[in-house]
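**Student:** Next come a sequence and a model predicted from it.
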Amino acid sequence: MNQNKAVDIELTKYVAEFVVETAFADLSTEVIELGKKSILDGFGLALSGSVAKSGELVRQHLGDLGLADGAATVIGGGRKVAPRFAAFANGVGIHADDYDDTQLAVAKDRVYGLLTHPTAPALPAAFAIGELVRSSGKDFMLAYHLGVEVECKIAEAIAPRHYQTGFHATATCGTFAAAAASARLMGFDVATTQRALSIAGSQSAGLRENFGTMTKPFHAGRSSESGVAAAQFASYGWTATPRILEAPRGFFAAAGGGYDQSAIFDKLGAPWTFANPGISIKPHPSGSLTHPGMTEMLRLIKEHGIRAEDVKHVRVGTNSNMPNALIHHRPKDELQAKFSMEFCMAILLLEGRAGLNEFTDAAVEREDVKAMIEKVDFVIDDEAEAAGYHLMTTLIDIELKDGRKISGRADFGKGSPAFPMSYDEVAGKFRENAEFAGMSRSKADEIVELVRGLENLRTLDDLSARLISVA
């Protein structure tokens with residue numbers, strides 16, 4: 001890690017210049033279309049998240065604040081509030097079910113799927129400020145892409161210690177995403193954007209000990225809110241250091257103990273993270289590290305006709321970083337189940353699917369689920385460890401009661417760039433999430449088509465009108 005010489009590079013200024021100077025024309029058609037999938041996915045998750053218990057509590061909080069009407073939509077919440085609070089509510093909603101997209105790692109010491117959930121902080125900020133300034137669809141999309149790119153490259157650059165010792169990178173790096181997206185839509189110059197990023201850096205927070213609780217999605221919401229607030233304070237003339245990222249007491253040093261300058265300097269948009277290494281969209285509402293194993297388990301169930309009652313034992317082997325996140329071996333509720341490899345394997349064996357309707361407290365409390373969990377061993381495997389942490393290598397060995405043994409391996413899950421979901425497949429997930437929230441199919445179809453043609457929208461009004469409530 002380059003911890004000292006890197007200070008000589010005006011890194012925060014470089015990031016600010018990228019945010020200010022990049023044009024929509026700099027986005028390739030591929031990147032634009034990939035972004036649309038994540039944007040649609042994010043909107044759907046905000047809808048389904050609005051009916052989660054956390055969504056109810058967020059609305060209670062907004063009510064307690066005594067807010068007057070504002071410019072920004074609380075998706076599925078039936079009201080508009082000040083942009084920072086809409087960003088908070090929608091960020092919580094997108095991450096409420098841990099069903100949102102995930103960043104892939106580049107370097108082998110960066111943990112695949114454990115860098116950030118890039119859309120949860122970036123999209124709510126871009127949408128809230130986009131509504132405030134009445135941006136076009138193109139300007140909104142560009143701001144979203146800038147936020148995601150800044151977030152992902154910061155996460156890739158910071159020393160792995162940042163995540164390994166307890167920081168939640170979506171919360172910490174996501175604050176910069178929200179600030180970058182907001183700064184672009186507010187038309188800042190380079191110096192003002194630097195201040196927005198610096199104000200954001202001092203609000204960067206979130207600890208992984210809270211995984212499996214409502215506070216994990218709280219992190220995503222607060223990072224988005226903090227980025228919006230940082231940009232707003234910068235617009236007032238609030239002062240801040242111009243070098244929050246690279247300084248000896250700045251973000252990289254304090255939060256990570258160092259960073260890899262080569263992972264971010266001259267790398268923003270070169271290539272865009274959406275293009276390479278890519279961003280994964282989740283097929284299941286659980287921690288992304290469960291997805292290769294879940295994809296492979298589903299394949300094995302279908303190929304071999306495996307029935308739950310025939311299973312004697314299941315061994316799931318991964319690298320040593322994956323149990324560091326999948327910490328709930330005997331989950332007590334649906335939030336813990338999202339970070340339980342054992343539950344994910346058990347529910348697939350019993351139900352053959354794992355969507356929002358399977359990740360419930362009632363499912364976790366079922367006796368057959370508990371019994372199947374007891375048959376699953378989740379262990380560190382030498383082969384998976386040797387494959388590198390940039391992969392999510394998962395090895396499955398199933399022993400059946402008749403003596404047969406069935407094995408499989410997966411490095412990636414469905415929805416990853418190696419096994420991508422099409423726009424229509426993402427639209428199917430969106431419709432399921434919208435239906436889960438109580439939205440009609442016709443209204444959901446209208447949103448799908450609006451996002452498909454997002455670059456043609458003169459304002460975000462039509463989207464807002466359809467997303468504000470499920471009715």
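**Tutor:** All right, it came through fine. Numbering: from 1, shown residues only.
**Student:** Find out how far stretch 210-226 is from the centre of the chain, if you would.
**Tutor:** Centroid separation for stretch 210-226 versus its chain: 11 Å, with Cα atoms, centre = their mean, to the nearest Å.
**Student:** next one: stretch 99-106
**Tutor:** Distance, centroid of stretch 99-106 to centroid of chain: 6 Å (Cα atoms, centre = their mean).
**Student:** how long is that stretch from one end to the other?
**Tutor:** 22 Å (Cα to Cα, to the nearest Å).
**Student:** now stretch 353-371
**Tutor:** Stretch 353-371 has its terminal residues 18 Å apart, counting by Cα to Cα.
**Student:** three-state assignment of Ser204?
**Tutor:** Reduced to three states with DSSP: H, G, I helix; E, B strand; the rest coil, the structure at Ser204 is coil.
**Student:** let me redo that: His329
**Tutor:** coil.
**Student:** residue boundaries of the helices in the stretch 101-250 of the chain?
**Tutor:** Along the stretch 101-250 of the chain, the stretches classed as helices by DSSP state H, counting those that start in this stretch are 119-133, 137-157, 161-164, 169-185, 190-201, 215-236.
**Student:** and the last one, what other elements does it pack with?
**Tutor:** Counting contacts by 3 or more Cβ pairs under 8 Å, 6 or more residues apart in numbering; DSSP states H and E, the secondary-structure elements packed against helix 215-236 are helix 53-64, helix 83-95, helix 119-133, helix 169-185, helix 190-201. In short, each C-beta sits where N, CA and C put it, glycine included.
**Student:** Check the first one too.
**Tutor:** In this structure, helix 119-133 packs against helix 29-50, strand 72-74, helix 83-95, helix 137-157, helix 169-185, helix 215-236, with contacts taken as 3+ Cβ pairs under 8 Å, 6+ apart.
**Student:** Serialize those to CSV and add fields for distance to Ile279.
**Tutor:** What follows is these, written out as CSV (distance: least, Cβ to Cβ, whole Å):
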stretch, distance to Ile279
helix 29-50, 6
strand 72-74, 24
helix 83-95, 14
helix 137-157, 8
helix 169-185, 13
helix 215-236, 15
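**Student:** quick one on the thing from earlier: hey, least reliable of the helices of the stretch 101-250 of the chain by pLDDT?
**Tutor:** Mean pLDDT values for those show the minimum at helix 161-164, a mean of 90.
**Student:** Kindly export that one (C-alpha atoms) in PDB.
**Tutor:** C-alpha atoms of helix 161-164 as PDB (Å, rounded to 0.1, in the frame of the first residue of the first chain):
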ATOM      1  CA  ARG A 161      -8.100  -3.800   6.700                       C
ATOM      2  CA  HIS A 162     -11.000  -1.300   6.400                       C
ATOM      3  CA  TYR A 163     -13.600  -4.000   5.900                       C
ATOM      4  CA  GLN A 164     -11.800  -6.900   7.700                       C
END
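**Student:** got the buried residues for it?
**Tutor:** His162, Tyr163, Gln164 (16 or more other Cβ atoms under 10 Å).
**Student:** how about the helices and strands packed on helix 215-236 in TSV, adding distance to Glu449 and mean neighbour count?
**Tutor:** Converted to TSV, these look like this (distance: least, Cβ to Cβ, whole Å; neighbours: other Cβ atoms under 10 Å):
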stretch	distance to Glu449	mean neighbour count
helix 53-64	25	16
helix 83-95	21	31
helix 119-133	18	32
helix 169-185	24	33
helix 190-201	34	25
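**Student:** what sits against Ile244?
**Tutor:** Contact partners of Ile244, counting by Cβ atoms under 8 Å, 6 or more residues apart in numbering, are Thr12, Gln194, Leu197, Ser198, Ala200, Gly201, Ser202, Gly250, Phe251.
**Student:** The third one touches Ala178, doesn't it?
**Tutor:** No. With the criterion set as Cβ atoms under 8 Å, Leu197 and Ala178 do not qualify as a contacting pair; they are 10.4 Å apart.
**Student:** pLDDT score for the one residue sitting closest to the centre of the chain?
**Tutor:** Of all residues in the chain, the one closest to the mean position by Cα atoms, centre = their mean is His117, 2.1 Å from it. Note on His117: pLDDT of 95.
**Student:** residues touching it, list them.
**Tutor:** By Cβ under 8 Å, 6+ apart, the contact list for His117 reads His95, Asp100, Asp101, Thr102, Gln103, Thr170, Gly174, Ala220.
**Student:** and if we set it to 7 Å?
**Tutor:** Shown in contact with His117 (Cβ atoms under 7 Å, 6 or more residues apart in numbering): His95, Asp100, Asp101, Thr102, Thr170, Ala220.
**Student:** Would you confirm that the third one contacts Thr116?
**Tutor:** No. Under the criterion of Cβ atoms under 7 Å, Asp101 makes no contact with Thr116, lying 9.4 Å away.
**Student:** ok, these two, which is more surrounded?
**Tutor:** Ranked by neighbour count (other Cβ atoms under 10 Å), Asp101 and Thr116 place Thr116 first, with 31 against 25.
**Student:** Please report how far the residue nearest to Asn357 when sequence neighbours are not counted lies from Ala179.
**Tutor:** Ranked by Cβ to Cβ, 6 or more residues apart in numbering and with sequence neighbours excluded, the top spatial neighbour of Asn357 is Phe436, at 7.8 Å. For Phe436, the distance to Ala179 equals 31 Å [Cβ to Cβ, to the nearest Å].
**Student:** likewise Lys80?
**Tutor:** 22 Å.
**Student:** ditto for Thr393
**Tutor:** Distance, Thr393 to Ala179, by Cβ to Cβ: 35 Å.
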